[in-house]
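# coords please:
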Amino acid sequence: MRDPMSIDEFNNAKDTLGWNYPQLARALGVSTRTPFRWASGEYKPLGPEARLLRLFVLLRLTVSERKFDELMEKLR
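Here you go, the predicted model:
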C-alpha cells in the first residue's frame, strides 16, 4: 500500500481533474467537508479514497458537469 496522499498530490489531483470539492466528495463517497480538510492538510486521504482518486487521475476522468452527474448516478 502506498503512503497517504500528500497535500500537494491531492491538490494536483483536484486541479488535474478540474473537480470542485463537492464533486470530489461525491465521487469518493466522503462527507462534503472532507476534501476541504484534505486540501488544508488537516487530514490526508488514506486507503480506498487515495487509491480511487489516483485511479481517477490516471484515467484522466475529466467530464462536464452533466456527464459527471450521470457518471455518479451509475456508480450508486
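# checking Thr32 next. Helix, strand or coil?
Using DSSP: H, G, I helix; E, B strand; the rest coil, the three-state assignment for Thr32 comes out as coil.
# residues near it, how many?
Around Thr32 sit 11 other residues, with neighbours defined as other C-beta atoms under 10 Å. Yep, even glycine has a C-beta here, placed from its N, CA and C like the rest.
# swap in Thr34?
Residues contacting Thr34 under the criterion other C-beta under 10 Å number 18.
# that one and Pro22 touch, don't they?
No: using C-beta atoms under 8 Å as the test, Thr34 is too far from Pro22 to be in contact (10.6 Å).
# what about the least confident helix or strand in the chain by mean pLDDT, distance to the chain center?
Among the secondary structure pieces of the chain, namely its helices and strands, helix 65-74 has the lowest mean (mean pLDDT, DSSP states H and E), a mean of 74. For helix 65-74, the distance from its own C-alpha centre to the chain's C-alpha centre is 14 Å (C-alpha atoms, centre = their mean, to the nearest Å).
# can you pull the buried residues of it?
The neighbour-count criterion (16 or more other C-beta atoms under 10 Å) identifies Phe68 as the buried residues of helix 65-74.
# kindly report the same for stretch 23-38.
By neighbour count, and taking 16+ other C-beta under 10 Å as the criterion, the buried residues in stretch 23-38 are Gln23, Leu24, Ala25, Arg26, Ala27, Leu28, Val30, Thr34, Pro35, Trp38.
# where in the protein is pLDDT low?
Counting by pLDDT under 70, the chain has low-confidence residues at 1-2, 62-65, 76.
# Leu17 reaches Arg54, doesn't it?
No: with contact taken as C-beta under 8 Å, Leu17 and Arg54 are classed as non-touching, separated by 11.1 Å.
# pull the contacting residues for Gly4.
No Gly there; residue 4 is Pro. The neighbours of Pro4, taking C-beta atoms under 8 Å, 6 or more residues apart in numbering as the test, are Lys44, Pro45, Leu46, Ala50.
# gap between the third one and Asp69?
According to C-beta to C-beta, to the nearest Å, Leu46 and Asp69 sit 27 Å apart.
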